[in-house]
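> Would you be able to build a 3D model of this:
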Amino acid sequence: VSIEQIKINPYAMSLTVRGFLMNERQSTSPAVSFDELYVNLELQSIFRLAPVIKALRIVKPYISLIRNDDRKYNFQDLIEEFTSGPPGPTPRFSLNNIEIVDGKIDFDDRPEQTKHTVSQIKIGVPFISSLPSYVDIKVKPEFAAVINGAPFHLGGDTTPFKDSRDSTFNINIDKLEIAKYLEYSPVTLNFTVPSGQLHGKLTASFRAPKNNQSVLSIGGNLGLTDLDMQQTGGASLVKLPSFDVLIDAIEVFTNKIALKSVKSQGLELHLNRTKDGSLNLTNLVAASTPAKTDVAEAKK
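Okay, here's the model as predicted:
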């Protein structure tokens, strides 16, 4: 890792990092880099004992993703480390005015002998928060990029009222082939999906009433068609010709889910109980093996 410059302004409570470069292990090829990272902290972070960031901007970030021939990624060790421990409580934080400017991702898919490039990435997130805070919002929700030469853009709206802030982001999914994207899962999956399409219309809402808990809520409808899920050995798990969920609200930070309706047609479910008492549906995602630690015996 190399960094060209670190600039700290204690009066403005800001940090600027320029020229960050992290190379691949035992290589001179860049893995992660960015031209500039700017973070502006709020004074209330000290009293809340949690980071309240007024602005976060990353200029020209670059990420090199490599899927090796064994279908593991160049950052596989980080994934295994972060997923090896038990899940903890939601951390306390408030991020506001998040901007990513002119980003780029190179994806080298070596098993498929193909390369993908996502360039000119521009992302705007008004705020994401798990604690009550109030910061002036200047960023509108947005995602834009050029994916393998084709431009892509999603936008949203922000309602800048004095005592509350609402930002919405609309996502439309049309006949997304699940198998195509599950193949790129960074964690080991103990199942395959030979067929199945995902469709839906979702709205992500960022709400921040003054002096109240900020909320990230997801609503809309989501559906599956012609889903066929099998265990790795080929045994059938789930067959589902049609499945639709009408979501009232999924409160991300409070782990609350409210559904208006669930409709299923032709559900076929195969359950097996193993000798240790577990069900075949409980180990669909392979758990990471925790790192071994040496324990020294105390001698009197």
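> C-alpha only now, for contacts and for neighbours.
OK.
> Residue 96 sits in which helix or strand?
strand 94-109 (DSSP states H and E).
> Export that strand to PDB, keeping only CA atoms.
Extracted in PDB, the C-alpha atoms of strand 94-109 (Å, rounded to 0.1, in the frame of the first residue of the first chain):
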ATOM      1  CA  SER A  94     -24.500   8.200  10.000                       C
ATOM      2  CA  LEU A  95     -23.100   8.700   6.400                       C
ATOM      3  CA  ASN A  96     -24.400  11.700   4.500                       C
ATOM      4  CA  ASN A  97     -23.800  13.200   1.000                       C
ATOM      5  CA  ILE A  98     -22.000  10.100  -0.300                       C
ATOM      6  CA  GLU A  99     -20.400  10.600  -3.800                       C
ATOM      7  CA  ILE A 100     -18.400   8.400  -6.000                       C
ATOM      8  CA  VAL A 101     -16.900  10.200  -9.000                       C
ATOM      9  CA  ASP A 102     -15.600   8.700 -12.200                       C
ATOM     10  CA  GLY A 103     -15.000   5.200 -10.800                       C
ATOM     11  CA  LYS A 104     -13.900   2.100 -12.700                       C
ATOM     12  CA  ILE A 105     -14.100  -1.700 -12.200                       C
ATOM     13  CA  ASP A 106     -12.200  -4.200 -14.300                       C
ATOM     14  CA  PHE A 107     -13.500  -7.800 -14.000                       C
ATOM     15  CA  ASP A 108     -11.300 -10.600 -15.300                       C
ATOM     16  CA  ASP A 109     -13.400 -13.700 -15.500                       C
END
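> and for stretch 10-17, what are the contacting residues?
With contact meaning Cα atoms under 8 Å, 6 or more residues apart in numbering, stretch 10-17 is reached by 3-9, 36-43.
> meant to ask about stretch 182-196
With contact meaning Cα under 8 Å, 6+ apart, stretch 182-196 is reached by 72-73, 76, 79, 177-179, 224-232, 283-286.
> The strand holding residue 96 pairs with which strands, and in what direction?
Using DSSP bridges, the strands paired with strand 94-109 are strand 52-59 (parallel), strand 62-67 (parallel), strand 114-129 (antiparallel).
> deepest of those, which one?
Mean neighbours per residue, mean count of other Cα atoms under 10 Å, is largest over these for strand 52-59, with a mean of 21.
> What are the contacting residues of it?
Under Cα under 8 Å, 6+ apart, the answer for strand 52-59 is 34-42, 44-45, 93-103, 133, 135-136.
> List only buried entries from those.
By neighbour count, with 16 or more other Cα atoms under 10 Å, those hold 34-42, 93-103, 133, 135 as buried.
> Scan this protein for its longest helix.
helix 76-84 (DSSP state H).
> And it, how far out from the chain middle?
Remark: helix 76-84 is offset 15 Å from the chain centroid, using Cα atoms, centre = their mean, to the nearest Å.
> just checking, what packs against it?
With contacts taken as 3 or more Cα pairs under 8 Å, 6 or more residues apart in numbering; DSSP states H and E, helix 76-84 sits against no other helix or strand.
> what's the angle from it to strand 62-67?
Computed by axes from the mean of the first three to the mean of the last three Cα atoms, to 10 degrees, the angle separating helix 76-84 from strand 62-67 equals 90 degrees.
> List the buried residues of helix 76-84.
residue 80.
> Export that helix to PDB, keeping only CA atoms.
What follows is helix 76-84, C-alpha atoms only, in PDB (Å, rounded to 0.1, in the frame of the first residue of the first chain):
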ATOM      1  CA  GLN A  76     -11.400 -14.400  -1.200                       C
ATOM      2  CA  ASP A  77      -9.300 -14.300   2.000                       C
ATOM      3  CA  LEU A  78     -11.100 -11.000   3.100                       C
ATOM      4  CA  ILE A  79     -14.500 -12.600   2.400                       C
ATOM      5  CA  GLU A  80     -13.700 -15.600   4.500                       C
ATOM      6  CA  GLU A  81     -12.400 -13.500   7.400                       C
ATOM      7  CA  PHE A  82     -15.400 -11.200   7.500                       C
ATOM      8  CA  THR A  83     -17.900 -14.100   7.300                       C
ATOM      9  CA  SER A  84     -16.200 -16.500   9.700                       C
END
